[in-house]
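Colleague: curious how this folds, go ahead:
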Amino acid sequence: MQPTAAFIFCMVRIGNIELPDFPLLLAPMEDVSDPPFRAVCKDNGADLMYTEFISSEGLIRDAIKSRQKLDIFEEERPVGIQIFGGDEEAMAMSARIVETVNPDLLDINFGCPVKKVVTKGAGAAVLKDIELMERLTAACVRSTNLPVTVKTRLGWDDQSKNIEIVAERLQDLGIKALSIHGRTRAQLYKGHADWTLIGKIKNNPRIQIPIFGNGDIDSPEKALEYKNRYGVDGIMIGRAAIGYPWIFNEIKHFLKTGEHLPPPTIEQRVEVIRKHLSGSVQWKGEVLGILEMRRHYANYLKGLPNIKEYRLQLCQLKTLPELNEVLDTVIKAYTGYQFERRKIDMDAMAYSCGA
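Modeller: As a prediction, this is how the structure comes out:
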């Protein structure tokens with residue numbers, strides 16, 4: 001299969017940030033897109049990444065967990081910090097706090113569908129009140145010199161898909177890019193993402209800012225199909241990158257050549273696990289870093305026959321030497337194993353995320 005898009009070297013701009021033609025973005029994902037995870041995604045082709053979403057109320061209360069999420073590192077640039085909230089003053093103050101750590105951009109979350117966020121009048125709850133969305137956005141734009149972007153959904157439910165109006169109004173307020181998840185809040189992560197309205201927004205002559213599509217991109221073929229069909233400026237990838245950061249380079253290679261890269265070998269998989277694990281320990285400390293890494297092993301090692309025993313060991317052991325010894329054994333046991341091209345069950349990978 002050959003790619004059907006014509007590729008001309010150009011840049012996508014978000015304010016003063018220059019991204020390559022048709023950039024691939026790592027979605028902000030709560031409890032997933034921390035610095036160790038972002039590092040392995042950056043190594044494997046992600047062009048722009050975002051922090052886990054951060055509560056504006058938590059930031060201004062100086063909550064430890066919220067403050068820790070502000071950590072960014074030079075090697076992962078460009079990187080954006082995402083905040084959420086439902087109060088103008090808190091969002092404005094948070095924007096000023098975010099600017100002090102010098103990210104490349106500030107992103108506003110108007111899409112998170114989870115109950116604990118929505119019940120506070122934040123995230124996707126703001127989709128029910130466009131005027132509030134405008135006030136929150138304006139407060140952030142006024143309060144920082146950083147480029148401000150927004151990530152949101154199509155609307156609250158099927159009867160209130162207001163994203164076309166939202167896109168124009170937010171652009172008029174000064175945002176520099178808009179990422180749209182092709183579901184409503186009512187859908188959560190169920191069913192299929194509908195990119196039809198995303199394409200209409202991109203093809204609206206009034207819209208001059210980059211439009212990024214998000215939702216259900218889980219293969220190079222689908223990335224190419226949606227690029228051609230909807231004309232978006234780039235794609236944001238979330239669940240499909242969990243345990244498989246190689247998806248970014250796989251998509252890039254396919255778009256350029258029409259050919260698939262071979263699946264990562266067991267040696268390559270373990271190398272990424274080690275880097276992710278090491279980064280987790282360095283950033284969170286040994287106890288918490290090892291504990292929180294346990295959620296990732298199943299995805300990294302998915303598809304290997306009879307892997308349960310090794311996975312259980314990785315989820316029980318408590319020191320780096322012990323874990324690295326098991327990983328050495330995994331390499332020996334599966335060297336030469338021929339992985340099939342990845343097939344993703346997106347419904348099975350639901351999680352609490354940024355949008």
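
Colleague: dump the residue contacts of V40.
Modeller: P245, V272, K275, H276, G279 (C-beta atoms under 8 Å, 6 or more residues apart in numbering). (Glycine included, C-beta is placed from N, CA and C.)

Colleague: let me know the pLDDT of it.
Modeller: We note a pLDDT of 98 for V40 in this prediction.

Colleague: so how far is H276 from it?
Modeller: 5 Å (C-beta to C-beta, to the nearest Å).

Colleague: likewise S66?
Modeller: From S66 over to H276 the distance is 23 Å, taken as C-beta to C-beta.

Colleague: all the helices of the stretch 1-150 of the chain, residue numbers only.
Modeller: All helices of the stretch 1-150 of the chain, identified by DSSP state H, counting those that start in this stretch, fall at 35-43, 56-60, 64-68, 88-99, 115-118, 130-143.

Colleague: weakest of those helices in terms of mean pLDDT?
Modeller: Among these, helix 64-68 carries the lowest mean pLDDT (a mean of 81).

Colleague: send the alpha carbons of it over as PDB?
Modeller: Taking Å, rounded to 0.1, in the frame of the first residue of the first chain, the C-alpha atoms of helix 64-68 are listed here in PDB:
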ATOM      1  CA  ILE A  64       2.200  18.500  46.500                       C
ATOM      2  CA  LYS A  65       0.800  16.200  43.800                       C
ATOM      3  CA  SER A  66      -0.300  19.100  41.600                       C
ATOM      4  CA  ARG A  67       3.100  20.800  42.000                       C
ATOM      5  CA  GLN A  68       5.000  17.600  41.100                       C
END
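
Colleague: mind listing what's buried in it?
Modeller: For helix 64-68, a neighbour-count test (16 or more other C-beta atoms under 10 Å) marks S66 as buried.

Colleague: and the lowest-mean-pLDDT helix or strand in the chain, what does it pack onto?
Modeller: For the chain, counting by mean pLDDT, DSSP states H and E, helix 64-68 ranks last in confidence among helices and strands (a mean of 81). Applying 3 or more C-beta pairs under 8 Å, 6 or more residues apart in numbering; DSSP states H and E, we find helix 64-68 packed against helix 56-60.

Colleague: now with 6 Å, please.
Modeller: If you count contacts as 3 or more C-beta pairs under 6 Å, 6 or more residues apart in numbering; DSSP states H and E, helix 64-68 packs onto no helix or strand.

Colleague: contacts for it next, please.
Modeller: Applying C-beta atoms under 6 Å, 6 or more residues apart in numbering, the contact partners of helix 64-68 are I54, S55, G58, L59.

Colleague: go on, stretch 113-132?
Modeller: Taking C-beta under 6 Å, 6+ apart as the rule, stretch 113-132 contacts 84-86, 109-112, 133, 153, 155-156, 185, 188, 352.

Colleague: now, of these, which are buried?
Modeller: The neighbour count (16+ other C-beta under 10 Å) marks 84-86, 109-112, 133, 153, 155-156, 185, 352 as buried among those.

Colleague: ok, which pair from those is furthest apart?
Modeller: Using C-beta to C-beta, the buried ones among the contacts of stretch 113-132 reach their maximum pairwise distance at M133 and S352, which is 21.9 Å.

Colleague: give me the number of residues near the nearest residue to R295 once chain neighbours are set aside?
Modeller: Distance criterion C-beta to C-beta, 6 or more residues apart in numbering; nearest residue to R295, sequence neighbours excluded, is D31 at 7.8 Å. Counted with other C-beta atoms under 10 Å, the neighbours of D31 add up to 12.

Colleague: one more: D129?
Modeller: 14.

Colleague: compute the first-to-last residue distance for stretch 191-200.
Modeller: 21 Å (C-alpha to C-alpha, to the nearest Å).

Colleague: residue contacts, I207?
Modeller: Contacts for I207 (C-beta under 6 Å, 6+ apart) come out as I201.

Colleague: for the one 10 residues further on, same thing?
Modeller: I217 makes contacts with A223, I235, I237, as judged by C-beta under 6 Å, 6+ apart.

Colleague: over to I235?
Modeller: Residues near I235 by C-beta under 6 Å, 6+ apart: L24, G213, I217, A223.

Colleague: counting by contacts, list what the helix of greatest length in the chain packs against.
Modeller: Ranked by residue count and defined by DSSP state H, the top helix of the chain is helix 266-284. Secondary-structure packing of helix 266-284 (3+ C-beta pairs under 6 Å, 6+ apart): helix 35-43, helix 286-293, helix 320-334.

Colleague: let's see it at 8 Å
Modeller: Helices and strands touching helix 266-284, by 3+ C-beta pairs under 8 Å, 6+ apart, are helix 35-43, helix 286-293, helix 297-300, helix 320-334.

Colleague: identify all contacting residues around that helix.
Modeller: By C-beta under 8 Å, 6+ apart, helix 266-284 touches 34-37, 39-40, 43-44, 71, 245-246, 264, 289-290, 292-293, 296-297, 300-301, 304, 320, 323-324, 327, 330-331, 334-335, 337, 339.

Colleague: go on, stretch 317-335?
Modeller: 266-267, 270, 273-274, 277-278, 281, 286-287, 290, 301, 304, 307, 310, 313-314.

Colleague: ditto for stretch 291-307
Modeller: 31, 37, 242-244, 266, 269, 272-273, 276-277, 280, 284, 310-311, 314-315, 330, 334, 337, 339-340, 342, 349.

Colleague: list the buried residues of it.
Modeller: For stretch 291-307, by 16+ other C-beta under 10 Å, it's E292, M293, H296, Y297, Y300, L301, K302, L304, I307.
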